[in-house]
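In: With the sequence up front, the predicted model follows.
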Amino acid sequence: MDRDNAAKQAILRLIDALAAAWNAHDAKAYAASFAEDVDYTNVFGILVQCRAGVERSHAALFKTMFKDSRWTEAETSIRFVRPDVAAVDVRWQMIGARDAQGKEWPARHGLLSAIATETPEGWAFAVFHNQDLPPPERLAEITKAMSREPGAQR
């Protein structure tokens, strides 16, 4: 296996570990996918800096709004910027979440964009930005509108 393919497989395992930890609602295992000095921005735009902060915040979330949630990866893209640095995009889906008032949240779709780096301990997410996306049908409408020629009629 060549170096790029081995690195790609390691990053895919990192994503799988992230999903497994989320679905087990295990904050310690979830945080293990991140570098010690990670910059982590969640879907609410809240920045958490450091692995311990990710663990602490997710321990609370896994006991409340995400305690029954299930996160699945829909599509992943990995682009190597350097042999030891990769830009990673993961489109995801989630069911079973609740809002801050405890009401069931409809199925969610999102995109996480991350920078993964190779360290002596292995690959880890150094920068992580997560966002909710509109429902797929709304996203299709927006994509179609973006592809129209300027001045074209509907």
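Out: Nice, I can see it.

In: Bridged to residue 41, which residues?
Out: residue 47, residue 129 (DSSP bridges).

In: Which pLDDT value belongs to it?
Out: For residue 41, the model assigns a pLDDT of 97.

In: Name the SS class of residue 14, please.
Out: Classification of residue 14 using DSSP: H, G, I helix; E, B strand; the rest coil returns helix.

In: Identify the residues contacting it.
Out: 33, 116, 123, 124, 125 (CB atoms under 8 Å, 6 or more residues apart in numbering). Any C-beta I mention is one placed from the backbone N, CA and C, and that applies to glycine too.

In: hang on, the fourth one is in a strand, isn't it?
Out: Yes. Secondary structure of residue 124, determined by three-state DSSP: located in a strand.

In: The most centrally placed residue in the chain is in what secondary structure piece?
Out: By CA atoms, centre = their mean, the chain has its centre lying nearest to residue 112, at 3.5 Å. Using DSSP states H and E, residue 112 maps to strand 108-119.

In: what sits up against the worst-scoring helix or strand of the chain on mean pLDDT?
Out: One helix or strand of the chain scores below all others by mean pLDDT, DSSP states H and E: helix 136-147, with a mean of 81. Identification of contacts with helix 136-147 by CB under 8 Å, 6+ apart yields 109, 133, 134.

In: same check, this time on stretch 34-45
Out: 47-51, 53-54, 57, 110, 117, 119, 124-132.

In: 7 Å - rerun?
Out: Residues outside stretch 34-45 that contact it (CB atoms under 7 Å, 6 or more residues apart in numbering): 47-51, 54, 110, 117, 124-132.
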